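Asker: Here is a sequence with its predicted model. Questions after.
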Amino acid sequence: MKYIIIALILCLTGCASTVPVTMNFPQVPEELKTACPDLKTIPEGTTKLSEVVSSVSENYGQYQECKIKIDAWTQWYNSQKKIFESIK
Amino acid sequence: MEQFQWMFSIIPDAILNWVYWGIIAVGLTGVVAGWLGQWIPVYGKYTGILKPIGIAVLVLGVWLRGGYDTELAWRAKVAEAEAKVVAAEAKSKETNTVIQTQYRDKVKTVKEIQIVVQERIVKEAAKMDAECKVDPEAISILNQAAGGKK
């Protein structure tokens, strides 16, 4: 009986196997890798409202660009996560 | 060990299958012959050694045949997983292209708006500067807020 058990265990070891299949980490678009620049400051000593408005509006534009970048990162993460989970 | 696996991998599956079934057949024949041999007078003295060898060969054959089926099942799973990974990587690249295009379009729009705004500021600068003089303290406060420092 013990020989049969040993023989069966030996037979089962033939079924042991490991399969390493991995997906490469998805690359993010290059544009999204650049950091958002600092906000523009107004030249010291100026009293002109036009210069203030100019700097402030440029900063608004900067914020819009950064917002687009963050939204793109969020979209990228969500879509890549969905793709990654689909292969499990 | 990997060398053995590689050597086995170059042998066609069908041939391996036949070899494994052959080993099982030899093992079974040995076991049956060992069992029947006890009633054959001249042959009977060999059954003592034939039986254990038959069992060993049979176990080896079953082990190899089981491993072969498992190997094929895993190969099919690996092929399926690899196909999924290839499809996922292609979809990932496609998604990246879509995101990149959307990003560029949106940034382009923002830059175009900025150009229009700056042109308006230049156009209205004389009027704004004539009617309003900004206190230096206001500039300092705005710069502090922009710098994010205490």
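Answerer: Good, I have the coordinates.
Asker: secondary structure element for the nearest residue to B:Ala125 once chain neighbours are set aside?
Answerer: Excluding the flanking residues, the one nearest B:Ala125 by C-beta to C-beta, 6 or more residues apart in numbering or on different chains is A:Ser50, at 3.7 Å. Every C-beta, even on glycine, is put in place using the N, C-alpha and C of the backbone. Secondary-structure element containing A:Ser50, defined by DSSP states H and E: helix A:49-86.
Asker: Flag the shaky bits of chain A, pLDDT-wise.
Answerer: When the per-residue scores of chain A are filtered using pLDDT under 70, the ranges that remain are A:1-4, A:7-8, A:10-20.
Asker: Would you double-check that B:Gly27 falls in a helix?
Answerer: Yes. The assignment for B:Gly27 is a helix, going by DSSP: H, G, I helix; E, B strand; the rest coil.
Asker: quick one: contacts for it?
Answerer: Contact partners of B:Gly27, counting by C-beta atoms under 8 Å, 6 or more residues apart in numbering or on different chains, are B:Gly54, B:Ile55, B:Ala56, B:Val57, B:Leu58, B:Val59, B:Leu60, B:Gly61, B:Val62.
Asker: Where helices are concerned, which of the residues you listed count?
Answerer: With helices identified by DSSP state H, the entries of those that belong to them are B:Gly54, B:Ile55, B:Ala56, B:Val57, B:Leu58, B:Val59, B:Leu60, B:Gly61, B:Val62.
Asker: I'd like the distance between the residue lying closest to B:Tyr103 once chain neighbours are set aside and B:Ala90.
Answerer: Nearest residue to B:Tyr103 in three dimensions, chain neighbours excluded: A:Ala72, at 4.6 Å (C-beta to C-beta, 6+ apart). As for A:Ala72, its distance to B:Ala90 is 20 Å (criterion: C-beta to C-beta, to the nearest Å).
Asker: do the same with A:Met23
Answerer: Distance of A:Met23 to B:Ala90, given as C-beta to C-beta: 11 Å.
Asker: So those two - more neighbours on which side?
Answerer: Under the neighbour definition other C-beta atoms under 10 Å in any protein chain shown, A:Met23 and B:Ala90 were set side by side, and A:Met23 has more, 16 against 11.
Asker: a helix runs through that one, doesn't it?
Answerer: No. When three-state DSSP is applied, A:Met23 is found to be coil, with no helix at that position.
Asker: That one reaches A:Phe84, doesn't it?
Answerer: Yes. Between A:Met23 and A:Phe84 there is a contact at 6.8 Å, judged by C-beta atoms under 8 Å.
Asker: shared neighbours of those two, anything?
Answerer: Taking C-beta under 8 Å, 6+ apart as the criterion, A:Met23 and A:Phe84 both touch B:Ala88.
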